[in-house]
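1. Would you be able to build a 3D model of this:
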Amino acid sequence: MAWNKLKSMFVVSDEMASSGKSADEVLKELEKYELPPPAGEVPPLAVETPASALTGTIDFQGLYDQAGIPNTDEVESLERFLGGLDENLPDSSKVAAARAFLGAIGKAPKDVVDDAGRKIQVVRAVADVKRTDAEKAVADRQGIIAELQRQIDEQRAAIEGMHKDLESVRSQCTVEEARLQGARVFFGHLGAVTPRQPPAGR
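-> A predicted model of the protein is given here:
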């Protein structure tokens with residue numbers, strides 16, 4: 001059911017879709033409508049739930065089934081019913097129609113509240129597990145990045161050392177060559193170097 005269709009019946013604002021509000025902002029707004037948790041313990045999330053089930057498009061019904069929530073689907077039945085009503089009906093008429101519908105299928109508003117409450121526990125467990133897994137994965141990769149950065153810094157320092165050593169050797173070679181060239185030039189100007197004689201008979 002579209003987000004804005006749920007606005008009047010499920011106290012959910014369509015601002016998330018229209019104004020780009022984040023999930024955290026919407027959840028904060030919904031805190032004022034929080035009801036006590038449903039009676040009875042509900043396993044929040046099956047231990048054997050694979051990580052792949054918490055990635056991409058989530059199969060919430062499958063997770064509800066794994067958590068052992070009775071497959072009564074009061075919330076979904078009411079959603080389907082409300083989806084067929086005229087959007088322009090006043091809220092009071094929608095509430096009356098919803099009560100009549102629930103009575104016809106042998107349910108009460110409390111059944112919807114409890115069904116939604118049990119499923120909310122699973123939904124929150126999914127978010128908590130995903131957050132924990134994501135934080136661990138991010139921390140692991142940050143550790144890898146830090147180690148790679150350390151290696152990069154080490155290699156850069158080694159390269160810088162090589163450049164400094166190269167410049168030092170070049171500087172020393174230049175000084176030494178200048179010293180030796182100076183000796184050659186000096187003695188060459190004094191005539192100490194005997195010119196090379198051409199071979200005899202030429």
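2. Helices of the protein, start to end?
-> Assigned by DSSP state H, the chain shows helices spanning 7-10, 15-19, 23-30, 60-66, 74-83, 91-104, 109-189.
3. Is it possible to get TSV of those that adds distance to S52, mean neighbour count and mean pLDDT?
-> All C-beta atoms are positioned from the backbone trio N, CA, C, and that covers glycine. Putting these into TSV (distance: least, CB to CB, whole Å; neighbours: other CB atoms under 10 Å; pLDDT from 0 to 100) gives the following:
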stretch	distance to S52	mean neighbour count	mean pLDDT
helix 7-10	30	16	47
helix 15-19	27	13	49
helix 23-30	21	12	64
helix 60-66	12	16	82
helix 74-83	24	17	75
helix 91-104	36	13	80
helix 109-189	12	12	90
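4. mind giving me TSV with those and columns for distance to A51?
-> Output for these, formatted as TSV (distance: least, CB to CB, whole Å):
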stretch	distance to A51
helix 7-10	30
helix 15-19	27
helix 23-30	20
helix 60-66	13
helix 74-83	26
helix 91-104	38
helix 109-189	7
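5. Quickly note the distance from E176 to G188.
-> To G188, E176 is 19 Å away according to CB to CB, to the nearest Å.
6. Tell me who's in contact with L89.
-> A97 (CB atoms under 8 Å, 6 or more residues apart in numbering).
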